[in-house]
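Novice: sharing a model prediction with you, sequence too.
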Amino acid sequence: MKIAVASGKGGTGKTLISTNLFRTLELEKAELSLVDCDAEEPNVSQFITGNLKGVNPVMSNIPEIDEERCSFCGRCHEYCNYHAIVFLPTAGYTKVISELCHDCGACIIACPDNAIKLNERQLGLITSFDSNDHSEIIEGCISVGVYSPVPVIKEAIKSAIKETVILDSPPGISCPFVATTTRADYIILVTEPTPFGLNDLKLAAETLTRLNKKFGVIVNRAGLGNREVYQWFEENKIPLLLEIPFDREIARTYSQGKLITDELPGYRKAFSGLINKIISLNTL
Amino acid sequence: MKVAITSTGNSPDSMIDSRFGRCSYFVIYDTENQSTEYIPNPNRDSIEGAGPASVELVASKGVTKVISGEFGAKVKSIFDQLQVQLIMINSQDKSISDIIQLLNNQH
C-alpha cells in the first residue's frame, strides 16, 4: 500500500507527519519505504538518514537540430506540444529550448531529414539510504535549472519496492502534487485550522476528488485559528484522521531535526492508531 | 525598420504591457511608412512556453527591435541569436502613441 502525505498549503506539516509515521511503522517492523517526493527541496534526510545505499542519476534526452541537414519543413515544430522548438524558416533558424522539452520523442518521429540527434541531460538524482534492515529512505532531488521535478518524482516512487510506501508530497496542487498522489492508494492531507489552511485544503480535496482518490485529513497546530475547517469536514463527510496540537515543544523538537515520536510522550501511539484507521478506511 | 511593442489593448491610447510573452497585444510599427498593426497575442494563456512562441510570432513579422517591460532568460537568448534589439521600458504609464513618438523623434 502506498500512502501519500500531501497538502495544498505549504508548511502545514507534511514532513512532520511522514517522518513520524515512518518511524512508528519502522519500529513495528514493517517492510517500509519513505520517499521524499519534494524533489525541489527535499528535507526528509534532515530527520532520518541511514547507510547510503545508492545514488542514481535520472536522465532525459534533449533533441538537437542539425541546421545543415534540416530542410526547414517545420514538422518537428508542428508535432511539439510544448512550444519547445522555435522555428523561423525565413531567418533560417530552428532550435530546441531544452527547458521546455518533455522528452516525448515526437520531433524525432516527425523529422524526415534525420536532422535531429539526442543529447543526454541529467535531471536529478535518486539517493537511497537503509534506515535499518527492513526500511529505507529514498530521496528525489532535481538538478539546478531543471524546469519540472515530475520525471524525478516518478523515478523516485518507482524505485520504492517495499510493501508499505509513504510518499512525502511536494506542496501545492500542480503537476508535482498530481505526479505523487496519482501513484498513491490513499492520501493524507495535512492542514491547519486557519482560513489559509482551509482554502488550500479545499483546492487539494477538489483535485483528489477529480482524480478519484480516497483521502482523509490531519489537522496540525490544532487550537490555532477557528472551527471553520471542522465544519467543512462535517458538511463534506471528510474523515478527520488525527489532530496534533499547537505546541511549542513540537516546534522545538522539529527545529532540532528530531522526531516527536522519539522525543515526546504519546505521539507514537497516536501515529500507530493513524495507520490502523487508514487501513480500515481504505478497505471500506 | 519594424518594431514590436507589447500593448495592453488594441489602440494607440493603450498602455505598454509590462510582460513580453503573455502581453495582450503586439503592436508592429513600421518606421518607414508609419503603419501600425495590432495582433492579439495567442500565447497569452499558454500553460508553458509563451515566451519562445511569442518570439516566433514577432520575429516572423521581420522586426529588428522589441519594446516591452521585461524579457525572460529564454526569450533573451533567442532574440540575441536572431540579432533583434530589446528595449526595456520600466514605467507602465507610457501609451503606445508615446512610444511611437519617441521612435519617430529618434530618426
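Specialist: It's in.
Novice: so what's the residue in chain B positioned nearest to chain A up against?
Specialist: For chain B, the nearest residue to chain A under the criterion CB to the nearest CB is B:Gly49, separated by 2.9 Å. Any C-beta I mention is one placed from the backbone N, CA and C, and that applies to glycine too. By CB atoms under 8 Å, 6 or more residues apart in numbering or on different chains, the contact list for B:Gly49 reads A:Tyr82, A:His83, A:Ala84, A:Ile97, A:Leu100, B:Asn43.
Novice: quick check: it vs A:Gly172, distance?
Specialist: 20 Å (CB to CB, to the nearest Å).
Novice: what residues does chain B have near chain A?
Specialist: Taking CB under 8 Å from any CB of the partner chain as the contact definition, chain B meets chain A at B:43, B:46, B:48-50, B:52-53, B:55-56, B:59-60, B:62, B:74, B:78, B:81-82.
Novice: which one among those residues gets closest to A:Ala30?
Specialist: Among these, B:Glu48 lies closest to A:Ala30 (CB to CB), at 39.9 Å.
Novice: which other helices and strands contact the strand ranked longest in chain A?
Specialist: Criterion DSSP state E: the longest strand present in chain A is strand A:116-132. Contact here means 3 or more CB pairs under 8 Å, 6 or more residues apart in numbering or on different chains; DSSP states H and E; on that basis strand A:116-132 packs against helix A:14-27, strand A:51-65, helix A:106-110, strand A:135-142, helix A:150-158.
Novice: returning to what we had before: which one of the contacts of B:Gly49 has the most neighbours?
Specialist: Greatest neighbour count in those, by other CB atoms under 10 Å in any protein chain shown, goes to A:Ala84: 25 neighbours.
Novice: would you confirm that that one contacts A:Asp103?
Specialist: No - the pair A:Ala84 / A:Asp103 is not scored as a contact, 9.7 Å apart, by CB atoms under 8 Å.
Novice: got the residues of chain A near chain B?
Specialist: A:82-84, A:86-88, A:90-91, A:93, A:95, A:97, A:99-100.
Novice: now for the residues you listed: which two are most distant?
Specialist: A:Thr90 and A:Glu99 (24.8 Å).
Novice: in terms of neighbours, single out the busier of those two.
Specialist: Shown here are A:Thr90 and A:Glu99; by other CB under 10 Å, A:Glu99 has more neighbours (17 against 9).
Novice: tell me the contacts of the more buried one?
Specialist: A:Gly145, A:Tyr147, B:Lys74.
Novice: and A:Ala251, helix, strand or coil?
Specialist: Following DSSP: H, G, I helix; E, B strand; the rest coil, the label given to A:Ala251 is helix.
Novice: look at it and say how many residues are nearby.
Specialist: Using other CB under 10 Å as the criterion, the residues surrounding A:Ala251 number 12.
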